[in-house]
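In: Turn this into a structure:
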Amino acid sequence: MIELNKTINWKPEATGSGRFGNWLENLVDWNLSRSRYWGTPLPIWRTEDGSEEICIGSVDELRAEIDKSVKAGFMENNPYASDDYEKFDLHRPYIDGVVLVSPKGKKMFREPDLIDVWFDSGAMPYAQIHYMGKEGQLNPKTFPADFIAEGVDQTRGWFFTLHAIATMCFDSVSYKNVVSNGLVLDSKGQKMSKRLGNAVDPFETIQKFGPDATRWYMITNSQPWDALKFDPAGVDEVRKKFFGTLYNTYGFFALYANIDGFTYSEPDIEISRRPEIDRWILSELNTLVKTVDDYFNDYEPMKAGRAVHEFVDWYLSNWYVRLCRRRFWKGEYTEDKISAYQTLYTCLETLARLMAPIAPFFSERMFRDLNNVTHRIDAESVHHTEFPAYNESVVDKALEQRMQLAQKISSMVLSLRKRSNLRVRQPLAKIMIPVADEFQRQQIEKVAHLITSEVNVKEIEYLDAANNVLVKSAKPNFKTLGPRYGKIMKAIAAAVTAFSQADIAKIETEGRYNMVVEGQDVELLLSDVEIATQDIPGWVVANEGTLTVALDVTLTQELKNEGIARELVNRIQNIRKDSDFAVTDKIVVDLLSNPEWDGAVQQYMDYICSETLTASLNLVPTIASPDRKETEIIDGMPTEIWVRKA
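Out: Reported below is the predicted structural model:
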């Protein structure tokens, strides 16, 4: 049993090698009998003096032995003569009335004890197919089990009895993979109980948040074998942040697909002809397919669910859809727009199939809503489809890496904007990025248009190593260095603080720096130093790892005018939405005239009208309509605007 246990994939592994392994190594005899009334009777009959006994192995054998007893005059008839299992009962008290005859002609009575109920559960693989030793009856399709799951407290119960019976009878494991589930606790880590009043009603939770949000929370919040601190607020967060985000992404697709009549009737556009942003999300999608498939195969549903969540939130919604919005709602029905539709459709359809094991209802609805229009898959249900297949030819790791770089740079710039209280709608002139080599420069240049669009800057300037515009400084990380170099820490701190720009560039590029301090060799890792960049007038600077970004926060009048135009577009779009206008409705706009923005509105009139489907934009001295709205285009300067259908 010990050796066979080593072949089982335990989740977690520590349960198999530790708790269960230790139990096997110190195993005591299994007391098979129990003095109970309800349960499976021991099939053992003995003479009163105990000299003879028989163990019955089947109903057929019992029936034959009773026939012998009837002939011997010990029983009047055979209550188990029928082949119909519905006409007799093998349990007490009926079986207790069976008296058998021994080979020497003595009466044999059944031992009154029952079999331990855990033997019943351990015999489940054989009982479920009514196994009677026939050749081929027990086959790889049914035994051993590919997977079982139960509470960790079953180490000495079901897990053991399954393993013990399979080992003793067949020299085999009973299961190949096993997940030992942890307990569900309250939000503070205490066991739930009615006495404490901390028990959560699962039916109320499902009614309030839905079954899929509940399932997703429980599966992705912790590993199945770890204790789960169940917090209804966490379920609500999953419902809003994950399912809400995915629902909005599908809603965005459906809105414009219906307007353009997209039904995926066009042939698939070749990957090589699709824009880089489409090739990137399809590469990430196929990477996700492989990741999720690998996690499910390794019985890691938490990691699988989290990977899907990250893709939906970080890649699909907050990057791909946001950067591609204009492709869906602007322009004619061109190949570029068809590529966008096909790409987003593929992402949504694949996600429905990936998440179906965890969120069966949401994925079913999304799949049907998609497939009922396109009929791309011959299946009535997502649960009847094949699991998505990994397409390695679509995966481009270099593209994924430079897109991650674009996301990282954009995130840093947006944090600088927030720090400087500059809205993203306000255009800025420039960002500066020091580059370590030509390869890094090329990687950024290939995604520069995405970065400038996302953070709303006009250009990116690249600084080589020799450029001293951005001055960096270094200081030691005492938390990592102290335990290693306690006695000479003061001298190391002085040396790090005195680093030149070349020294800092070296540790950033190579990830380590060797020096001698007080006669002792010291190796610094990048994590051992904290590098900062000094701000320069008119700029703000951020560092993250080896990456540095500087943002020009100087506002010219030209930039201010463009910012005003963008703010006005935002206000008009919000009014359109609040007024329930269709996305295709053309409108007329009256705006109170003001010297602070009249010039900007006149300068960007065509842009504003194009972005908002405005047929006529008028700067007026007063607005009398009761449908006018109060708003602010410039902070602290309230104004009025009237938007109506053209």
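In: Parallel or antiparallel, list what pairs with the lengthiest strand in the chain.
Out: In the chain, taking DSSP state E as the definition, the longest strand is strand 637-645. Using DSSP bridges, the strands paired with strand 637-645 are strand 587-592 (antiparallel), strand 629-634 (antiparallel).
In: Of these, which stretch is the most buried?
Out: With neighbours defined as mean count of other C-beta atoms under 10 Å, the strands paired with strand 637-645 peak in mean count at strand 587-592, which reaches a mean of 20. Every residue, glycine included, has its C-beta placed from N, CA and C.
In: quick one: pLDDT of the residue nearest to Leu526 when sequence neighbours are not counted?
Out: Nearest residue to Leu526 in three dimensions, chain neighbours excluded: Gly511, at 5.0 Å (C-beta to C-beta, 6 or more residues apart in numbering). With respect to pLDDT, Gly511 scores 80.
In: How is this structure partitioned into domains?
Out: When the chain is parsed with automatic domain parsing, its domains come out as 2-32+118-181, 33-115, 232-395, 472-533, 557-645.
In: so of those domains, which one's packed in deepest?
Out: Scoring the domains of the chain by mean count of other C-beta under 10 Å, the most buried comes out as domain 232-395, with a mean of 17.
In: mind listing the strands for the stretch 501-646 of the chain?
Out: Remark: strands assigned in the stretch 501-646 of the chain by DSSP state E, counting those that start in this stretch are 512-517, 520-525, 529-533, 539-544, 547-552, 587-592, 614-620, 629-634, 637-645.
In: Nearest to Lys71, out of the ones you listed?
Out: The closest of the strands of the stretch 501-646 of the chain to Lys71 is strand 520-525. By C-beta to C-beta, the value is 89.1 Å.
In: name the helices or strands packed onto the closest one?
Out: Identification of packing neighbours for strand 520-525 by 3 or more C-beta pairs under 8 Å, 6 or more residues apart in numbering; DSSP states H and E yields strand 512-517.
In: Sheet-wise, list the partners of the strand it packs on with their directions.
Out: Strand pairing (DSSP bridges) places strand 512-517 next to strand 520-525 (antiparallel).
In: Which residues does the strand it pairs with contact?
Out: With C-beta atoms under 8 Å, 6 or more residues apart in numbering as the test, strand 520-525 has contacts from 480-481, 485, 488, 492, 496, 507, 511-516.
In: and which of these is nearest to Leu559?
Out: For the contacts of strand 520-525, the residue nearest Leu559 by C-beta to C-beta is Ile507; the value is 37.0 Å.
In: what's near enough to touch that closest one?
Out: Contact partners of Ile507, counting by C-beta under 8 Å, 6+ apart, are Ala474, Phe499, Tyr513, Leu524, Leu526, Val529.
In: mind running it again at 6 Å?
Out: Shown in contact with Ile507 (C-beta atoms under 6 Å, 6 or more residues apart in numbering): Tyr513, Leu526.
In: And it, how far from Phe252?
Out: Ile507 sits 45 Å away from Phe252, going by C-beta to C-beta, to the nearest Å.
In: Quick one: residues in contact with the least confident helix or strand in the chain by mean pLDDT.
Out: Ranked by mean pLDDT, DSSP states H and E, the weakest helix or strand in the chain is strand 184-185, scoring a mean of 75. Applying C-beta under 6 Å, 6+ apart, the contact partners of strand 184-185 are Ala227, Leu228, Lys229, Phe230.
In: Of those residues, which count as buried by neighbour count?
Out: Buried residues within these, counting neighbours by 16 or more other C-beta atoms under 10 Å: Leu228, Phe230.
In: Could you dump the contacts of strand 184-185 into a markdown table and include pLDDT?
Out: Below are the contacts of strand 184-185 laid out as a markdown table (pLDDT from 0 to 100):
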| residue | pLDDT |
| --- | --- |
| Ala227 | 77 |
| Leu228 | 79 |
| Lys229 | 82 |
| Phe230 | 79 |
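In: With distance to Thr533 added, can I get the contacts of strand 184-185 in CSV?
Out: Converted to CSV, the contacts of strand 184-185 look like this (distance: C-beta to C-beta, whole Å):
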residue, distance to Thr533
Ala227, 44
Leu228, 43
Lys229, 41
Phe230, 45
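In: can the contacts of strand 184-185 go into JSON lines with extra columns for secondary structure?
Out: Formatted as JSON lines, the contacts of strand 184-185 follow (DSSP: H, G, I helix; E, B strand; the rest coil):
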{"residue": "Ala227", "secondary structure": "coil"}
{"residue": "Leu228", "secondary structure": "strand"}
{"residue": "Lys229", "secondary structure": "strand"}
{"residue": "Phe230", "secondary structure": "coil"}
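In: Which of the contacts of strand 184-185 sits closest to Asp627?
Out: Proximity of the contacts of strand 184-185 to Asp627 (C-beta to C-beta) peaks at Phe230, which lies at 49.0 Å.
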